[in-house]
Structure formats: C-alpha cells, structure tokens
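Colleague: Next comes the sequence, and after it the predicted model I'd like to discuss.
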Amino acid sequence: MFGASYTGIATDYNYAGEHANARKELQKLYASAQNDGQRRAAHFATTVSYVHEGNLEMALKEQEKMYELASKINDSAAMSGDVATMANILLEFGKPDAALMKYNKSLKIMQDSDNSKQQKDLAERFHHSNLAQVALKKHDLAKAKKHTNEFKVQAEAAENRFQIWLAHQLAGMIALEEKDFEKAVTELEQTNKQNPYNLYRLAMAYKGKGDTYKARAMFEKAENFNALNSMNQAFVKIKSQKMMSNKS
C-alpha cells in the first residue's frame, strides 16, 4: 500500500517536472522495501524518473542496479529484460548502435540460460522486433521491413494478440518513415492503445495527412495519458508537449 502511494506521488511529481522531488519519494520506497523484488521496483521507478528528466546516464545506472540484483540469483529472464530496457532507453535517446549491442546481449543471456525452448524462441521472436526498430532509427527500411515481416509471421502463427498489435505498430512506424501517412493510420489504429507512444505515433500520422484536428487530439491524449510509472509515457510526454506548442 505504501509502495503504491510513493510511486503514485512520484509519478505526479514527474508529470509536474519536479524530478528531484519524485526521486525523494522513490528513495522512501526503496528504504521501505522488504525484498529484492520491491527494491527492483524502486529502481525501475527511478529509471522512469530519470528518463522523464532526459538524464540518460543516470537512467542507465538505475537499470544496472536492477541487473545486479537479478544477477545475484542468476534470474536470466530478469537480467535479459533489464538489458533490453537499457537498449530501449538508448534507442530513444538516439543511440541505435549502443542499443543494438544491448539487444544482442539481452538475447544471448536467454540463449545461454537454462530457460525452456519456448522462452528462448519467444526471446528470438522479439529480437526481430528490436532489430526492426534499430534499423528504423538508422533509416534502413529494407532491414526494418525484413525483421518486421519475420516478427509478423511468427506472431500470427502464435495467434498472440499482443504480438499482433506489435506487428501492426512496427508496420505503422515503417509507414511513418516512408511518409505513407494513410497506411500509417491504418496500421497504428490496430495497435495497443494503452501504449501512449502509439497515440503519439497516430498523432504524427494524422499530422502528416494534414488532419490538424485529429493530430492535436491525439497529441493531447498522448501527453495526458498519465500512466502510472510508465517508460513509454516518459518517452512521449515531452515530444507531445513540443508538438502541442506548435499551432501549425
């Protein structure tokens, strides 16, 4: 109960731009933690705060602390996830080569682990998604399409709704890069709308189409989604604010 309270207050501070105050609340959360799982949660929330602030170095340091806790008990799934989160942050901060190294490390941790073949296959499937996004950051559309298609085929074969949403997200991101805004809207309308980044992408697609009204409505939704302790919200809030301040 207290943990959720600290996290909620910290989230409010982050949205208000009071990041130092947010992290004071999260220090209380860490101090009250009774096990490493709760300590990991405090580190993750602190990572989100640093991303909100635009502090790449400190965000990565918090993720390293999470990784160290997972490595103490050789929790390969958690370790792989922590490294993948580092990659996501690096990618968002415009460092695709560094992100690629982390994505590769994340996959290798799973491949070298004693996890089931099913879990390893799933990690390899999501690696295609990660590679597609790295390729997009590097404007390599051919490679992005190749990995997106591979991910889509496997997601549809698995009949997994979340993965199919992600396949549409990747296709929408490619369409945005190609400035095919009609297709971008079609694809992004079939994504997970509980991800505020997809609302931002939809806004960009509508903006590209010249539909200012719908674009602004989506930018507002993305900015004001106010998800609790959300990395994707941290990624898009400042972007959405900048687009909202542009009246054109």
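Modeller: Sure thing, it's come through.
Colleague: so how far is Tyr213 from Glu62?
Modeller: As for Glu62, its distance to Tyr213 is 39 Å (criterion: Cβ to Cβ, to the nearest Å). Heads up, the C-betas are built off the backbone N, CA and C, glycines and all.
Colleague: the bottom helix or strand of this protein by mean pLDDT?
Modeller: helix 231-245 (a mean of 82; mean pLDDT, DSSP states H and E).
Colleague: For that helix, which helices and strands make contact with it?
Modeller: Under the contact criterion of 3 or more Cβ pairs under 8 Å, 6 or more residues apart in numbering; DSSP states H and E, helix 231-245 touches helix 36-53, helix 76-92, helix 196-209, helix 212-223.
Colleague: same thing but 10 Å
Modeller: When contacts are defined as 3 or more Cβ pairs under 10 Å, 6 or more residues apart in numbering; DSSP states H and E, helix 231-245 packs onto helix 2-15, helix 36-53, helix 76-92, helix 196-209, helix 212-223.
Colleague: Helix 2-15 and that one, what's the angle between them?
Modeller: If you take axes from the mean of the first three to the mean of the last three Cα atoms, to 10 degrees, helix 231-245 sits at 30 degrees to helix 2-15.
Colleague: And helix 231-245, what's buried?
Modeller: 231-237, 239-240, 243-244 (16 or more other Cβ atoms under 10 Å).
Colleague: Grab the CA positions of stretch 51-71 and hand them over as CSV.
Modeller: Below are the C-alpha coordinates for stretch 51-71, written out as CSV (Å, rounded to 0.1, in the frame of the first residue of the first chain):
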residue,chain,number,x,y,z
VAL,A,51,14.0,9.3,-18.4
HIS,A,52,11.3,11.9,-17.8
GLU,A,53,14.1,14.3,-16.9
GLY,A,54,16.2,13.4,-20.0
ASN,A,55,19.1,12.1,-18.0
LEU,A,56,20.4,9.1,-20.0
GLU,A,57,23.4,8.4,-17.8
MET,A,58,21.5,8.1,-14.5
ALA,A,59,18.7,6.1,-16.1
LEU,A,60,21.2,3.5,-17.3
LYS,A,61,22.8,3.4,-13.8
GLU,A,62,19.5,2.6,-12.2
GLN,A,63,19.0,-0.2,-14.7
GLU,A,64,22.4,-1.6,-13.9
LYS,A,65,21.4,-1.7,-10.2
MET,A,66,18.3,-3.8,-11.3
TYR,A,67,20.5,-6.1,-13.3
GLU,A,68,22.9,-6.6,-10.4
LEU,A,69,20.0,-7.7,-8.1
ALA,A,70,18.8,-10.2,-10.8
SER,A,71,22.3,-11.5,-11.4
